[in-house]
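okay, structure incoming, though there's no sequence with it:
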DNA sequence: GAACGATTAAAACATATGTTTGAACAAAGG
DNA sequence: CCTTTGTTCAAACATATGTTTTAATCGTTC
């Protein structure tokens, strides 16, 4: 059933997975119709129910699939050899690249971002497998920069770093309307990463001195 | 039907507006059903079409209504008497209060935030009437703090400030899962505002020195 | 209190969409 | 060739939901 001799007849299941992630990321769970997914995957409407059971299970599968797709080089930012500042820069660079770069496996992050604002239930698994690990890395970097401060303070700094970057994703349509300066974010990932890094570095240090002395 | 004696003749329109904004903010445009709005407003299903035409016009009306509801004391933060630092603190405090405080007129900000991630078309008017004005105020503050730097730099700093705060709204469910530290955000608005202010202040100054010298 | 316009109510209508069905079809093995 | 098993397809089904319709109701005016 699940592991048959082979996908004998066709590769419909895989095509569905690929397309589904893309569409779900683009339009959100509710606005995505099975019919559109199937059309874009050259599959029959019944294919979803045959291969996955129902729409929600398709979403779950696409989400899970998107998790396995990420080539997680274990985040070189965890090489504790380099100075924390460089690791922070590397962290933001990777984060923004994943978030803003268009193209194929990109819907993984967009799916993730969407789940944040409109949780469908896949959230918990996602937090466990995706978010918390990165969060730990970031916290490590911040802790090294800030020194001995309460965990709550570390957490707020982490939120400040992530928040700056997520904003470019969530508020993209607004940013474009509010000022022409924000056009073509994709082309300035490096510049944005640099800004976020410098901004945050100073922020973290400023917060730290309040709690250390 | 539900509340017989009450339901004064002619108040339905207002009740619909009140409830609609709340529900739209809570569930988003798609997930909101006319039937639920009407039920919660003690109105008949046909009331929406009678008073507003259709669902989209109801949304537009609720949105517009939410804009007029805001008691816009013209943001004391624009009293250019006070030092920029205090005005930044006042700005973030107000912003976060509006964003996180529960209770009635709060759905105004949540509606706004939702329109950011799932634009329905009301976005343009919103940007013009709501976002850009605040954005100008913030930019003024930042410009005063940073001195003579390119507009693009000001814009990125503004995005950093807003992003930090919006994050607490968008990622609330995730933050709760990722660390217990983030429970009960509503109760710590002042603390968060203080954090964002200090963090941003340092960030802005750090960015500024790169471009001034 | 009768008449009239504005409002509300209950039911019907139309459509979109997730889901199911049963037949057709392809590949593999006997 | 026939059967079996997994897959695809077109059509039907069920339900949710936005919209419309038609009659009843309320408030006002004469």
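Arrived safely, thanks for sending. Small disclaimer: the values here were computed from a predicted structure and weren't measured.

confidence score at the closest residue in space to residue A:31 that isn't next to it in sequence?
Nearest residue to residue A:31, sequence neighbours excluded (Cβ to Cβ, 6 or more residues apart in numbering or on different chains): residue B:30, at 6.0 Å. Backbone N, C-alpha and C define where each C-beta goes, glycine included. Note on residue B:30: pLDDT of 92.

just give the number of residues close to residue B:30.
When counting by other Cβ atoms under 10 Å in any protein chain shown, one arrives at 14 neighbours for residue B:30.

for the host helix or strand of it, name the packing helices and strands.
If you go by DSSP states H and E, residue B:30 is part of helix B:12-31. Secondary-structure packing of helix B:12-31 (3 or more Cβ pairs under 8 Å, 6 or more residues apart in numbering or on different chains; DSSP states H and E): helix A:12-31, helix B:34-40, helix B:47-51, helix B:55-69, helix B:107-117.

I'd like the ones you listed laid out as a markdown table, including distance to residue A:196.
A markdown table is the format used below for the helices and strands packed on helix B:12-31 (distance: least, Cβ to Cβ, whole Å):
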| stretch | distance to residue A:196 |
| --- | --- |
| helix A:12-31 | 23 |
| helix B:34-40 | 40 |
| helix B:47-51 | 44 |
| helix B:55-69 | 31 |
| helix B:107-117 | 19 |
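
could you check the angle helix B:189-212 makes with the longest helix seen in chain A?
Across chain A, the longest stretch assigned as helix under DSSP state H is helix A:189-212. Relative orientation of helix A:189-212 and helix B:189-212, computed by axes from the mean of the first three to the mean of the last three Cα atoms, to 10 degrees: 120 degrees.

could you list the buried residues of helix A:189-212?
Using 16 or more other Cβ atoms under 10 Å in any protein chain shown as the test for burial, helix A:189-212 gives A:189, A:192-208.

tell me what it is packed against?
Against helix A:189-212 (3+ Cβ pairs under 8 Å, 6+ apart) you get helix A:84-100, helix A:132-146, helix A:151-170, helix B:151-170, helix B:189-212.

pLDDT of it, averaged?
95.

now that helix, how far from the centre of its chain.
Distance of helix A:189-212 from the chain centroid (Cα atoms, centre = their mean, to the nearest Å) equals 21 Å.

now that helix against helix B:151-170, angle please.
Helix A:189-212 and helix B:151-170 meet at an angle of 60 degrees, taking the same axes, to 10 degrees as the criterion.

ok, now which ones touch the most centrally placed residue in chain A?
Residue closest to the average C-alpha location in chain A (Cα atoms, centre = their mean): residue A:109, at 2.9 Å. Residues in contact with residue A:109, defined by Cβ atoms under 8 Å, 6 or more residues apart in numbering or on different chains, are A:98, A:99, A:169.

which residues sit against the helix holding residue B:30?
By Cβ under 8 Å, 6+ apart, the residues outside helix B:12-31 that reach it are A:28, A:30-31, A:118, B:32, B:36-38, B:40-43, B:47-48, B:51-52, B:58-59, B:61-63, B:65-66, B:107-108, B:110-111, B:114, B:118, B:120.

repeat the analysis, applying 6 Å as the threshold.
Applying Cβ atoms under 6 Å, 6 or more residues apart in numbering or on different chains, the contact partners of helix B:12-31 are A:30, B:32, B:37, B:40-41, B:43, B:47, B:51, B:58-59, B:62, B:65-66, B:107, B:110-111, B:114, B:118, B:120.

give the buried subset of those as a ChimeraX selection command.
A single ChimeraX command selects the buried members of these (16+ other Cβ under 10 Å):
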select /B:32,37,40,41,43,47,51,58,59,62,66,107,110,111,114,118
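
out of the contacts of helix B:12-31, which are close to DNA strand D?
residue B:32 (Cβ under 7 Å from any atom of the strand).

domain parsing for chain A?
A:12-68, A:71-212 (automatic domain parsing).

out of the ones you listed, which comes closest to residue B:131?
Nearest to residue B:131, of all the domains of chain A, is domain A:71-212, at 5.9 Å by Cβ to Cβ.

is DNA strand C contacted by that closest one?
No - applying Cβ under 7 Å from any atom of the strand, one finds domain A:71-212 separated from DNA strand C by no less than 12.7 Å.

please identify the deepest-packed of the helices and strands packed on helix B:12-31.
helix B:107-117 (a mean of 22; mean count of other Cβ atoms under 10 Å in any protein chain shown).

so how far is it from its chain's centroid?
With Cα atoms, centre = their mean as the basis, helix B:107-117 stands 6 Å off its chain's centre.

tell me the angle it makes with helix B:55-69.
Angle, helix B:107-117 to helix B:55-69, by the same axes, to 10 degrees: 130 degrees.

quick one: mean pLDDT over helix B:107-117.
On average, helix B:107-117 scores 80.

again, but for stretch A:56-67
Stretch A:56-67 comes out at a mean pLDDT of 90.

what is the burial count for residue A:173?
16.

my read: it touches residue B:120, true?
No - counting by Cβ atoms under 6 Å, residue A:173 stays clear of residue B:120, with 11.0 Å between them.

and residue A:66, how far from residue A:83?
If you measure residue A:66 against residue A:83 using Cβ to Cβ, to the nearest Å, the figure is 33 Å.

interface residues of chain A facing chain B?
A:30, A:116-117, A:119, A:127, A:131-132, A:135, A:152, A:155-156, A:159-160, A:163-164, A:166-167, A:170-171, A:173-174, A:177-179, A:181, A:195, A:198-199, A:202-203, A:206-207 (Cβ under 6 Å from any Cβ of the partner chain).
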